[in-house]
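J.: Just the structure for this:
(chains A and B)
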Amino acid sequence: MDPKRVYQKTDKGEEELRTRKYGIPQHLRQVLIFVDGRSNIAKILEKAAGFPNVGQSLDELTQQGFIRLDETVTITGIKSELIETAKQTLGADAEKIIAKIKDAPETKEGLQATMSSCKKLVRLVIDEKKAEELIQKCSEIMSRL
Amino acid sequence: MRIDITFVISCAAIAIMLYGLFLVTSLKQQIPGGIVGKKWNFLLTLVVLFMFGYLTTPFFGAIPEDVLRLIVSAIFFFGAIYVVITIKLIYQIIKELSE
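T.: Model (predicted):
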């Protein structure tokens, strides 16, 4: 479960909250309330810290069609994730890479070209192994575009 | 020590080499590793070595001839290594950027 992903209620979920038509258990109902279409999974887990098995409840709600993962992924969101990954992988040496990602065009192709250039830069002046690690992690993030 | 054109050229060479040493150490901070970083440490060592060699040039008149020959041939030898490493580095950078 990717903690950065966002769940949103389906029409069935909205209906359940309004009418209790499907009679879901209270613990699922509580988690359904936390799903607001803006908070990511990490945030939901934080809000529902006092409730048991929130992750499992999210899975159950998804299986029963009350919520679904938001498939709309924004370039800005992807850029933030790439920056975070660069920080984690390169530490103090990430500064130049972060600047390049921030300046990248707001298109899929532009971002791909920037990441390719970042890989070359890391290979040349930071670390060859870290370049491979960074590009592997970034490719996973970019695959959602 | 006689101040003539040889002495002036030697002093100019030392000044330029000092500037080179400043550049190579400044850039080192921006190149922590990678393909260039690995070679950079070796280039830095060679520049330091050249610096010592160049510093002897104003005293060439006072150095015994066999020691002088040794210093000059050593500078030529390491100079050749420096050239090869620099060319190979440029080649690797071009290769990396054109992939």
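
J.: Put the alpha carbons of stretch B:10-26 into CSV.
T.: Once non-C-alpha atoms are left out, stretch B:10-26 reads as follows in CSV (Å, rounded to 0.1, in the frame of the first residue of the first chain):
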residue,chain,number,x,y,z
SER,B,10,59.2,30.6,-14.3
CYS,B,11,57.4,32.9,-11.9
ALA,B,12,54.5,33.3,-14.3
ALA,B,13,54.3,29.5,-14.6
ILE,B,14,54.2,29.2,-10.8
ALA,B,15,51.5,31.8,-10.6
ILE,B,16,49.4,30.0,-13.3
MET,B,17,49.9,26.7,-11.6
LEU,B,18,48.8,28.2,-8.3
TYR,B,19,45.7,29.4,-10.0
GLY,B,20,45.2,25.8,-11.4
LEU,B,21,45.6,24.4,-7.9
PHE,B,22,43.0,26.8,-6.6
LEU,B,23,40.6,25.8,-9.4
VAL,B,24,41.1,22.1,-9.0
THR,B,25,40.5,22.2,-5.2
SER,B,26,37.5,24.5,-5.5
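
J.: Mind listing what's buried along that stretch?
T.: For stretch B:10-26, a neighbour-count test (16 or more other C-beta atoms under 10 Å in any protein chain shown) marks B:10, B:14, B:17, B:24 as buried. Any C-beta I mention is one placed from the backbone N, CA and C, and that applies to glycine too.

J.: For residue A:132, list the residues it contacts.
T.: Under the criterion of C-beta atoms under 8 Å, 6 or more residues apart in numbering or on different chains, the contact list for residue A:132 is empty.

J.: which parts of the host helix or strand of it are buried?
T.: Under the criterion DSSP states H and E, the helix or strand holding residue A:132 is helix A:128-142. Of the residues in helix A:128-142, A:130-131, A:133-135, A:137-138, A:141-142 count as buried by neighbour count, 16+ other C-beta under 10 Å.
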